[in-house]
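A.B. asks: next come a sequence and a model predicted from it.
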Amino acid sequence: MDISQHWLNDISKDLGISSLNITSTIVLLEEGGTIPFIARYRKEMTGSLDEVKISVIRDSLDKYKELEKRKKAVLVSLKERDILNEDLHKKIVSAENITLLEDLYLPFKPKRRTRAMAAREKGLEPLGEIILKGGDAESIAKDFISTENDVPTAEDALAGARDIVAEVISENSAVRGFLRSLFVSHAQVVSAVVEKRRGEAIKFKDYFDWQEPSAKIAGHRLLALFRGEELKLLRLAIRPDQEFALQKLKKFFLGGRTDNSQLVNALEDSYTRLLSPSLENELRKGLKETADSEAIEVFGANLKELLLAPPLGQKRVMALDPGYRTGAKLVCLDEQGGLLHRETVYPTHGGKNEQLAADVIRRLVNQHTIEAIAIGNGTAGRETETFVRSLQLDESILITLVNEDGASIYSASEAARKEFPNEDITVRGAVSIGRRLQDPLAELVKIDPKSIGVGQYQHDVNQAALKKSLEEVVTYCVNGVGVEVNSASEELLSYVAGLGPSLAAGIIAYRLANGPFPSRKSLLKVPRLGAKAFEQCAGFLRVHRSENPLDNSGVHPERYGLIGSMAKDHGVTVKDLLQSETARKAIQLRNYLGEGVGMETLVDIMGELAKPGRDPREKFVSFRFDENIHTIEDLHEGMTLPAIITNVTKFGAFADIGVKQDGLIHISQMADRFIKDPSDVVKVRDKVTVKVLAIDKDRKRISLSLRM
């Protein structure tokens with residue numbers, strides 16, 4: 001597509017990327033390239049851009065396309081109504097953003113009947129023009145009195161003329177641009193409680209009488225205010241002081257002259273009735289978009305950390321989904337997460353139930369050669385953990401709590417019913433807990449990311465933008481880790497670059513009908529999986545038992561021939577290159593530079609040959625809460641405890657200390673220095689030591705500190 005050089009230059013300047021690399025990236029995107037594929041396998045074309053910058057280019061391109069599409073629609077509308085002239089056409093074509101474009105179109109935009117329209121129909125436009133030019137409209141207003149046009153008095157004529165002037169001023173692009181800047185720089189966010197609902201609004205108590213510059217307000221506060229307004233508990237206004245704004249507008253539009261009362265009155269009416277509400281709505285929209293973007297970014301960062309949690313790996317796992325009344329649902333899983341056994345035990349019921357639970361766990365541990373025990377961290381989780389540890393099992397068996405957020409969502413999902421049609425939701429939930437320990441990423445992709453519990457105001461932000469962002473985070477994580485095609489679930493495969501739900505389902509169906517895929521190349525036998533899809537997905541799929549060892553690496557099949565040449569040139573096999581550092585060191589990479597193959601690709605290839613299919617996730621490290629702390633009643637101020645960060649926001653971080661209620665580490669308590677962003681100090685899953693600052697048992701709030 002034709003791209004404006006001006007737009008390219010702006011994007012290049014904003015991102016610090018050459019326009020040539022931006023253009024090449026756009027070509028790849030327009031050809032159907034996925035962001036993971038472009039970032040990983042087309043570095044020479046993009047200048048080694050990462051996923052984030054490629055996403056920015058794609059989003060900027062989408063906005064550019066929307067702007068160009070809107071320009072065409074506006075031009076067609078103006079031309080059809082015979083309004084378009086050369087000057088207006090030039091201004092519209094050169095409009096740099098949608099706001100400026102809409103300002104230009106506003107005076108000509110078809111609209112509902114307005115007071116100005118009615119005044120024009122009464123023949124008052126000439127009088128309005130006199131007012132607008134600063135003339136003496138009052139002396140000739142009587143000439144516009146007309147019984148036929150329903151203008152009975154001179155004052156009625158002047159009122160109608162002022163309506164026309166007010167609308168003309170409100171549609172003036174220069175006026176709107178001036179006031180828009182004024183709103184951005186001087187608007188105040190002012191909130192007050194809806195008095196008749198004061199009792200219901202107690203959670204918004206901080207905002208009962210609140211005022212803050214809109215240019216400085218934190219995103220999370222703004223979203224809280226919008227929520228209070230949506231619930232009709234708060235009244236909210238976001239405007240500059242009216243007297244101040246009018247003073248500035250009069251100086252801008254009138255040059256400070258206020259001797260023409262008709263023009264001054266029309267200007268004031270234009271501001272209060274038309275401009276101020278319109279520009280407040282614009283400002284609200286912009287502030288909301290910024291706050292949404294910030295909240296979505298926080299959610300995405302937290303989700304990424306959770307998805308990339310260290311996997312225990314292919315170990316035999318016993319998983320317990322605890323409960324007081326209904327007992328703990330117990331399952332045993334094989335190394336691949338397959339269900340071996342399910343049973344219900346009652347470790348928190350005391351007496352014979354407790355002894356029976358102990359006997360069952362010991363027996364199943366031995367029978368299924370269990371290597372780890374995963375316990376859900378919800379209701380009765382800590383008590384069940386204490387019970388299991390009291391059994392004095394083999395020291396080599398890992399016993400750990402597992403975050404079960406969203407497990408109930410999965411257990412009731414279509415995917416869970418499809419996988420376990422004959423099991424109830426409690427069994428499915430326990431299986432999910434066990435699999436989360438084995439491979440968090442593979443299990444969590446089955447759950448709507450919003451249900452995982454690491455967001456900030458996720459229900460208040462733009463849901464389409466949130467969904468898009470979170471899906472991209474999942475896609476980034478899945479492709480960064482790689483997927484074993486012969487064991488992956490349909491949900492996991494759907495996030496692989498170039499596939500999606502339909503082709504993922506096709507791969508599963510083919511695998512069930514024909515057995516495991518013997519090689520990457522055999523994926524081309526899957527119906528509707530053509531050359532383009534194969535190009536995009538192949539490098540991210542692994543085939544562990546393939547005869548070609550490169551099929552279990554991140555090397556793309558398009559480079560197999562190159563590696564074969566390397567091996568042949570040095571008298572070794574491809575397998576030798578994978579196994580021998582000496583063989584790899586003998587290769588002079590510059591000898592293999594060529595069309596489409598630069599040093600970036602060659603360095604990547606050598607890295608993959610050294611560690612084929614390497615998992616970027618950290619190694620699993622076990623964690624234990626303080627054994628003496630189980631409930632909020634066990635806490636006292638000043639004590640220090642081990643904790644796990646569960647959520648990071650812009651105002652602080654939440655930490656699990658093992659009492660079912662996460663504590664808040666406010667940003668002011670995160671370090672002995674100024675902290676601008678909590679994510680600079682901690683991330684989700686970080687294991688930290690915290691100090692208890694305060695405990696509010698009635699409100700179930702715990703204040704924590706990282707400052708010792």
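C.D. replies: Perfect, I can see it now.
A.B. asks: quick check: residue 42 vs residue 553, distance?
C.D. replies: 18 Å (Cβ to Cβ, to the nearest Å). In this view, the C-beta of every residue, glycine as well, is placed from N, C-alpha and C.
A.B. asks: what do you get for residue 200?
C.D. replies: Using Cβ to Cβ, we find residue 200 at a distance of 60 Å from residue 553.
A.B. asks: and those two? which has more neighbours close in?
C.D. replies: More crowded of residue 200 and residue 553, by other Cβ atoms under 10 Å: residue 553, with 21 against 13.
A.B. asks: for residue 352, give me the pLDDT.
C.D. replies: Note for residue 352: predicted pLDDT of 89.
A.B. asks: please report phi then psi for it.
C.D. replies: For residue 352, the backbone dihedrals (degrees, to the nearest 10) come out as phi -60, psi -30.
A.B. asks: run a quick neighbour tally on it.
C.D. replies: 9.
A.B. asks: what's the answer for residue 512, then?
C.D. replies: 8.
A.B. asks: which SS class is it?
C.D. replies: Assigned with DSSP: H, G, I helix; E, B strand; the rest coil, residue 512 falls in the helix class.
A.B. asks: how close does it get to residue 617?
C.D. replies: Taking Cβ to Cβ, one finds residue 512 at 29 Å from residue 617.
A.B. asks: isn't residue 622 right up against residue 398?
C.D. replies: Yes - applying Cβ atoms under 8 Å, one finds residue 622 in contact with residue 398, separated by 5.7 Å.
A.B. asks: in the protein, where is pLDDT below threshold?
C.D. replies: For the chain, the stretches with pLDDT under 70 are 1-2, 453, 456.
A.B. asks: got the domain ranges for it?
C.D. replies: Structural domains assigned to the chain are 5-79, 317-438, 632-705, following automatic domain parsing.
A.B. asks: just the CA trace of stretch 541-556, in PDB.
C.D. replies: Provided in PDB are the C-alpha atoms of stretch 541-556 (Å, rounded to 0.1, in the frame of the first residue of the first chain):
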ATOM      1  CA  LEU A 541       6.700 -26.200  16.900                       C
ATOM      2  CA  ARG A 542       8.800 -29.100  18.300                       C
ATOM      3  CA  VAL A 543       8.900 -32.700  17.300                       C
ATOM      4  CA  HIS A 544      10.900 -34.400  19.900                       C
ATOM      5  CA  ARG A 545      11.300 -37.800  18.300                       C
ATOM      6  CA  SER A 546      11.900 -36.700  14.700                       C
ATOM      7  CA  GLU A 547      14.700 -38.200  12.800                       C
ATOM      8  CA  ASN A 548      15.900 -34.700  12.000                       C
ATOM      9  CA  PRO A 549      17.300 -33.300  15.300                       C
ATOM     10  CA  LEU A 550      16.600 -29.800  14.000                       C
ATOM     11  CA  ASP A 551      12.900 -30.500  14.300                       C
ATOM     12  CA  ASN A 552      13.300 -30.200  18.100                       C
ATOM     13  CA  SER A 553      15.000 -26.800  17.900                       C
ATOM     14  CA  GLY A 554      14.100 -23.200  17.200                       C
ATOM     15  CA  VAL A 555      15.800 -23.400  13.800                       C
ATOM     16  CA  HIS A 556      13.400 -22.700  11.000                       C
END
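A.B. asks: thinking again about what came up before, so which of the domains of the chain comes closest to residue 471?
C.D. replies: Ranking the domains of the chain by distance to residue 471, with Cβ to Cβ as the measure, places domain 5-79 first at 11.4 Å.
A.B. asks: now that closest one, how far from the centre of its chain.
C.D. replies: On the basis of Cα atoms, centre = their mean, to the nearest Å, domain 5-79 sits 20 Å off its chain's mean C-alpha point.
A.B. asks: span of stretch 697-708 from start to end?
C.D. replies: For stretch 697-708, the first-to-last residue distance is 23 Å (Cα to Cα, to the nearest Å).
A.B. asks: one more: stretch 515-526?
C.D. replies: Using Cα to Cα, the two ends of stretch 515-526 sit 12 Å apart.
A.B. asks: what comes up buried for it?
C.D. replies: By 16 or more other Cβ atoms under 10 Å, the buried positions in stretch 515-526 come out as 517, 519, 520, 521, 522, 523, 526.
A.B. asks: give me the distance between the second one and residue 102.
C.D. replies: Read it as residue 519. Residue 519 sits 55 Å away from residue 102, taking Cβ to Cβ as the criterion.
A.B. asks: which other residues reach stretch 514-533?
C.D. replies: The contact list for stretch 514-533, computed with Cβ atoms under 8 Å, 6 or more residues apart in numbering, reads 32, 485-486, 498-499, 502-503, 506-507, 510-511, 534, 537-538, 541, 543, 545-548, 551, 557.
A.B. asks: among those, which ones are in strands?
C.D. replies: Among these, the ones falling in strands (DSSP state E) are residue 541.
A.B. asks: secondary structure element for the nearest residue to residue 555 once chain neighbours are set aside?
C.D. replies: Spatial nearest neighbour of residue 555, chain neighbours left out: residue 608 (4.9 Å); criterion: Cβ to Cβ, 6 or more residues apart in numbering. Element membership for residue 608, per DSSP states H and E: helix 599-610.
A.B. asks: what's downstream of that helix, the next helix or strand?
C.D. replies: Under the assignment DSSP H and E, the closest C-terminal helix or strand after helix 599-610 is strand 640-648.
A.B. asks: neighbouring strands - and their directions - for that following strand?
C.D. replies: Looking at strand 640-648 with DSSP bridges, its partner strands are strand 652-656 (antiparallel), strand 687-696 (antiparallel).
A.B. asks: need these in JSON lines (columns: mean neighbour count and distance to residue 92).
C.D. replies: Listed next are those as JSON lines, based on neighbours: other Cβ atoms under 10 Å; distance: least, Cβ to Cβ, whole Å:
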{"stretch": "strand 652-656", "mean neighbour count": "23", "distance to residue 92": "47"}
{"stretch": "strand 687-696", "mean neighbour count": "16", "distance to residue 92": "56"}
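A.B. asks: settle this for me: the residue nearest to residue 555 is touching residue 559, isn't it.
C.D. replies: No - using Cβ under 8 Å, residue 608 is not in contact with residue 559, being 9.4 Å away.
A.B. asks: mind giving me the packing neighbours of the longest helix along the chain?
C.D. replies: In the chain, with assignment by DSSP state H, the single longest helix is helix 276-307. Where contact means 3 or more Cβ pairs under 8 Å, 6 or more residues apart in numbering; DSSP states H and E, helix 276-307 is packed against helix 173-186, helix 219-230, strand 234-239, helix 440-444, helix 463-481, strand 640-648.
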